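>>> The amino acid sequence is not available; the structure is as follows:
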């Protein structure tokens, strides 16, 4: 609610009541987010394996061969694109540790820094919404990076296909 709205709203409560969320809804939301993270990591792992094959074939096929200038440029750009895609997919599976590797409050990374007494106090605070938001942001980042990785891979493979065609002509 904006300040203007609050001033003209008249008497009564100025804020909306907090929504009531059931335990099942909290559990379902957390499960949805962690499932999406796991699916993205699995896709990234498959892409990592899939990118390794054309890169290995490229290295084996090009090593020691005389290539024309246009083919060399296309192979260089395509190979470079595959390397960039490999680095991007590694960023997808790289753990998100948060600031200074401590994680956000309510995470196992934060708990690792707590004493037993501090941990007991931390567990009394309901951080479910905060954790689900944090996990959702991690999932979104992973999805975006994976999508960009696929675009880079498509471009790299197109360049390599162009190099193959140019080498055959």
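Right, received. Where do you want to start? Please read these numbers as outputs of a predicted model, since none were measured by experiment.

>>> Tell me which helix or strand the residue nearest to the spatial centre of the chain sits in.
Central residue of the chain (C-alpha atoms, centre = their mean): residue 142, 1.2 Å from the mean position. Secondary structure assignment for residue 142, by DSSP states H and E: helix 128-168.

>>> For that helix, the averaged confidence score.
For helix 128-168, the mean per-residue pLDDT is 92.

>>> so how far is residue 17 from residue 132?
Look at residue 132 and residue 17: by C-beta to C-beta, to the nearest Å, they are 20 Å apart. Placement of C-beta: from N, CA and C, glycine included.

>>> So for those two, which sits in the more crowded spot?
residue 132 (16 against 6; other C-beta atoms under 10 Å).

>>> just checking, the more buried one touches residue 30?
Yes - contact criterion C-beta atoms under 8 Å: residue 132 and residue 30 qualify, at 5.7 Å.

>>> Now do the same contact list for the nearest residue to residue 134 once chain neighbours are set aside.
What sits nearest to residue 134 in space, not counting adjacent residues and going by C-beta to C-beta, 6 or more residues apart in numbering, is residue 104, at 5.3 Å. Shown in contact with residue 104 (C-beta atoms under 8 Å, 6 or more residues apart in numbering): 98, 110, 130, 131, 134.

>>> Assign residue 104 to helix, strand or coil.
Under DSSP: H, G, I helix; E, B strand; the rest coil, the three-state class of residue 104 is coil.

>>> how close does it sit to residue 91?
Per C-beta to C-beta, residue 104 is found 20 Å from residue 91.
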